[in-house]
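Participant: got a structure for you, letters missing:
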């Protein structure tokens, strides 16, 4: 309710063209979708499934909206660092456009956010993103993966990220092995978070695990 009132007092502007009334207008949204990412989520090699034969990971398929650049980067940054909560709606819509039709029994699983980040933002950005996507697809959201650590990966190199993520996730509830699970996150860099979050589902008994992210940004 408060967010809606604020939008009336200080309406959003499109991060692409500046149009008043939305954080992403239809034209700029179309431009992002038209330039959709295609390739392995881990190494960027050509791949129809989002995972190439050389990259071994814990999910069988993956989808990504685009590279973290331009308007998409501005939208993500505003969502994560400037408390533009409304961006979750448009990011969820972009994921909806980027992913194919999924089985109706698919369970959406958000990557769990570090609690300190939730306190700073005032919302769980990964959970909101998963909920927005699931609402469009009429799918269930279940936060099956939990965090066992409170360490942020920001500023860590690839080796340190892998070490942190390896011990960060677990499943408290045993998943139904007969249904597919789609792990949702906003950004993939080293693949550490997705790999071990999806791995926690597999370790708990899930047979089919996929991944969906908004943007890919290799760690420099």
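Facilitator: Thanks, I have the structure now. The model shown is predicted, which means the values in this text are computed figures rather than measured ones. Residues are numbered from 1 along each chain as shown.
Participant: contacting residues around the residue nearest the centre of the chain?
Facilitator: For the chain, the residue nearest the mean C-alpha position is residue 185 (2.1 Å; C-alpha atoms, centre = their mean). Going by C-beta atoms under 8 Å, 6 or more residues apart in numbering, residue 185 touches 110, 111, 126, 129, 193, 194, 197, 211, 212, 213, 214. Where you see a C-beta, it was placed from the backbone N, CA and C, and this is true even at glycine.
Participant: Phi and psi next, for the third one.
Facilitator: Its backbone dihedrals place residue 126 at phi -70, psi -40, with angles given as degrees, to the nearest 10.
Participant: Could you pull out the strands in the chain for me?
Facilitator: Secondary structure of the chain (DSSP state E): strands located at 61-67, 107-110, 140-141, 145-147, 169-171, 180-188, 208-216.
Participant: Most widely separated two among the contacts of residue 185?
Facilitator: Greatest spatial distance among these (C-beta to C-beta): 197 and 214, at 15.4 Å.
Participant: Compare the two and say which is more crowded by neighbours.
Facilitator: The neighbour comparison of residue 197 against residue 214 (other C-beta atoms under 10 Å) goes to residue 197, with 30 against 26.
Participant: if we can go back for a sec, can you lay out the strands of the chain as TSV showing mean pLDDT?
Facilitator: Shown next, in TSV, are the strands of the chain (pLDDT from 0 to 100):
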stretch	mean pLDDT
strand 61-67	97
strand 107-110	98
strand 140-141	98
strand 145-147	94
strand 169-171	93
strand 180-188	97
strand 208-216	98
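Participant: and those strands as CSV, adding distance to residue 201?
Facilitator: Formatted as CSV, these follow (distance: least, C-beta to C-beta, whole Å):
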stretch, distance to residue 201
strand 61-67, 14
strand 107-110, 7
strand 140-141, 14
strand 145-147, 6
strand 169-171, 6
strand 180-188, 5
strand 208-216, 5
